[in-house]
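[1] sharing a model prediction with you, sequence too.
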Amino acid sequence: MNVERSIQNSIWPRRNEFHCLTYAEEGFAPLNIWTRDSGLNKEELVAFADSVNRRNEPGSLYPRAPISAVPRLLIRDQSDSEALCLSIRHFFRANATSIKASKIILDFRTPKVAPFVERAIDLSLHSPDISFIEEIVVIKA
């Protein structure tokens, strides 16, 4: 598996090859960026983000759009690498069982990736549920 750290502009031309995992925040946030071409309207994005945050567990717009999200509080309100790692691994498990994406983008910018997020990502890469993933791109800025 190839893990790359990149900027959004470098990966943007290939964006349709990936499923993106970000955080559930609607507005000027990665959720809106990665769903731009999906046909989803603002109300649907707000409802999705609200649902993920209310349940306090990852959710996905798949198969409607290739995007999933962890709860906002794990990125904005806490600095707990372990909790975020568990949520990312939850997504990896869902990907392995139902989504089946072989290329993943992790975009947790706020506008940069915090050190505790980097640690959570590194920890999550030890998950057995990523064995079939060919490529993971971590958006760093």
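    Received the coordinates, thanks.

[2] which helix or strand contains the nearest residue to residue 3 once chain neighbours are set aside?
    Spatially, and ignoring its direct neighbours in sequence, residue 3 is nearest to residue 136 (4.8 Å; C-beta to C-beta, 6 or more residues apart in numbering). Any C-beta I mention is one placed from the backbone N, CA and C, and that applies to glycine too. In this assignment (DSSP states H and E), residue 136 forms part of strand 135-139.

[3] in its sheet, what does that strand sit against?
    strand 2-6 (parallel), strand 103-107 (parallel) (DSSP bridges).

[4] so how far is the first one off the chain centroid?
    So that's strand 2-6. 14 Å (C-alpha atoms, centre = their mean, to the nearest Å).

[5] what's the most buried one of the strands paired with strand 135-139?
    strand 103-107 (a mean of 23; mean count of other C-beta atoms under 10 Å).

[6] in the sheet, who's paired with the residue nearest to residue 6 when sequence neighbours are not counted?
    When the adjacent residues along the chain are set aside, residue 6 lies closest to residue 137, with 5.4 Å between them (C-beta to C-beta, 6+ apart). Counting by DSSP bridges, residue 137 forms beta bridges with residue 4, residue 105.

[7] on that earlier part again, avg pLDDT for the strand holding residue 136?
    Per-residue pLDDT over strand 135-139 has a mean of 97.

[8] about what we covered before: list the contacts for the residue nearest to residue 3?
    Residue 136 sits next to 1, 2, 3, 4, 103, 104, 105, 106, 125, 130 when contact means C-beta atoms under 8 Å, 6 or more residues apart in numbering.

[9] that older thread, now render the strands paired with strand 135-139 as JSON lines, adding distance to residue 29 and mean pLDDT.
    Output for these, formatted as JSON lines (distance: least, C-beta to C-beta, whole Å; pLDDT from 0 to 100):
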{"stretch": "strand 2-6", "distance to residue 29": "19", "mean pLDDT": "94"}
{"stretch": "strand 103-107", "distance to residue 29": "9", "mean pLDDT": "98"}
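
[10] buried set for stretch 119-139?
    Buried positions in stretch 119-139, judged by neighbour count with 16 or more other C-beta atoms under 10 Å: 120-121, 123-125, 127, 129-130, 133, 135-139.

[11] and what of stretch 36-43?
    Quick answer for stretch 36-43 (16+ other C-beta under 10 Å): residue 40.
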